[in-house]
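S.K.: Got a predicted structure here, sequence first:
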Amino acid sequence: MAADNHNHDVPAMDYAEHEKTFSLFAGLIKWGTVGSLGITLLAGAATHTIPWLFAIIVAVAMTAIVAKFF
């Protein structure tokens, strides 16, 4: 059995598909983080822990920074 060598035809790596998958994953992580922080800010504003104006300004600034630099 040890000498029974099978020649399997393994296809070449599909780097384009890997890049697309990684880009999707990175985008989901990035915007999921922004969304989670936005929900946290809005929850804090809804419970009067932080002012509404502060929550809106921080959420807009955070979204703009992430969209521009990441």
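M.R.: The structure has been received and is ready for your questions. This one's a predicted model, so the numbers in the text were calculated from it and none came from an experiment.
S.K.: For burial, what's the neighbour tally of Leu41?
M.R.: Using other CB atoms under 10 Å, Leu41 has 20 other residues around it. Backbone N, C-alpha and C define where each C-beta goes, glycine included.
S.K.: Now do the same contact list for it.
M.R.: Counting by CB atoms under 8 Å, 6 or more residues apart in numbering, Leu41 touches Ile50, Ala55, Val58, Ala59.
S.K.: Excluding covalently adjacent residues, which one is nearest to the last one?
M.R.: Pointing back at Ala59 there. Residue nearest to Ala59 in three dimensions, not counting chain neighbours: Gly38, with 4.9 Å by CB to CB, 6 or more residues apart in numbering.
S.K.: Which secondary structure element is home to the one you found?
M.R.: Gly38 belongs to helix 15-46 when assigned by DSSP states H and E.
S.K.: And the residue nearest the centre of this protein?
M.R.: Ile29 (1.5 Å; CA atoms, centre = their mean).
S.K.: Distance from the helix or strand just after the helix holding Gly38 to the middle of the chain?
M.R.: If you walk from helix 15-46 toward the C-terminus, the next helix or strand you reach (DSSP H and E) is helix 52-69. Here helix 52-69 is found 17 Å from its chain centre; the criterion is CA atoms, centre = their mean, to the nearest Å.
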